[in-house]
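Student: Here you go, sequence then predicted model.
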Amino acid sequence: MGTDADRLSAARRALAEAESVASASGLSPGRTSSTALADGGTPADGERGRGRAAGTSGRSGEPGRSDPDPHAVARRIVLRQLAMGPRTRRQLEDKLRDRGCERDVARGVLDRMTEVGLVDDESYAEMYVRSKQETKGLAAGALRHELRQKGVPEEVVDAALEEIDPEREKEQARALVARRLRTMRGLERDVQTRRLAGFLARKGYGPGVAYQVVREALDELPENRRD
């Protein structure tokens, strides 16, 4: 999907196109029903705003009234979400449902966004794995759980996690343990072992890797070395 800057630029261009479509559909460039929905409001909010702007009460059939294009509304909601950061298709589906978009409308808009590359679960999963490994030291177990929670399909999760190098993951665990050990000097070895193993488990490391890395780290401490 390219860099974050490329993605954001594409989202902005698509948003401009969506706004052009909305304008051509007769929607006000100000706070129309589309904008109200995209900002978290309701259709009634937009209708009242347009009615006040036109000097009417907003009742059906009055001059200046036009119904919003549901596809334009959905596009604006999606593009605003993407402008804030990458999203999975499931997250965008949930957002559109929360905003009252019809299922068929949401599906059509998200299909189109997928075609042009703005919605891409595979790229999202790959980026997420790299980012969370580098910033939080998460292992495959935790990454799988988090990607599932974000609605990434299982086969996409599997493909993203296949890229993880077990040896690199072990080095990651060693670095985490080394940092955490600095705050645990003076504690009994069994206490250190229990706490460090629990810490790695929360990061998604399996028991085998966790206890091996912890044991090696504790054996290297001066107080545990044999003369």
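Tutor: Thanks, I have the structure now.
Student: drop to CA atoms for contacts and neighbour counts, all remaining ones
Tutor: OK.
Student: Point to the helix or strand of the protein where mean pLDDT is at its lowest.
Tutor: Least confident helix or strand of the chain, by mean pLDDT, DSSP states H and E, is helix 33-38 with a mean of 37.
Student: quick one: buried residues of the helix or strand that contains residue 169?
Tutor: Assigned by DSSP states H and E, residue 169 belongs to helix 166-181. By neighbour count on 16 or more other CA atoms under 10 Å, the buried set for helix 166-181 is 169-170, 172-174, 176-177, 181.
Student: Show me what it is packed up against.
Tutor: Helix 166-181 sits against helix 189-202, helix 207-219, with contacts defined as 3 or more CA pairs under 8 Å, 6 or more residues apart in numbering; DSSP states H and E.
Student: quick one, domains of the protein?
Tutor: For the chain, automatic domain parsing gives the domain ranges 4-119, 122-161, 166-224.
Student: Next up, the contacts around the closest residue to residue 206 other than its chain neighbours.
Tutor: Leaving aside its chain neighbours, residue 206 sits nearest to residue 141 (7.6 Å; criterion: CA to CA, 6 or more residues apart in numbering). Residues near residue 141 by CA atoms under 8 Å, 6 or more residues apart in numbering: 203-206.
Student: What is the three-state secondary structure of residue 101?
Tutor: coil (DSSP: H, G, I helix; E, B strand; the rest coil).
Student: Could you report the separation of it from residue 123?
Tutor: Here the criterion is CA to CA, to the nearest Å. By it, residue 101 lies 26 Å from residue 123.
Student: Those two: which is more packed in?
Tutor: Between residue 101 and residue 123, counted using other CA atoms under 10 Å, the more crowded position is residue 101 (20 against 16).
Student: now residue 181: how far from residue 195?
Tutor: Distance of residue 181 to residue 195, given as CA to CA: 10 Å.
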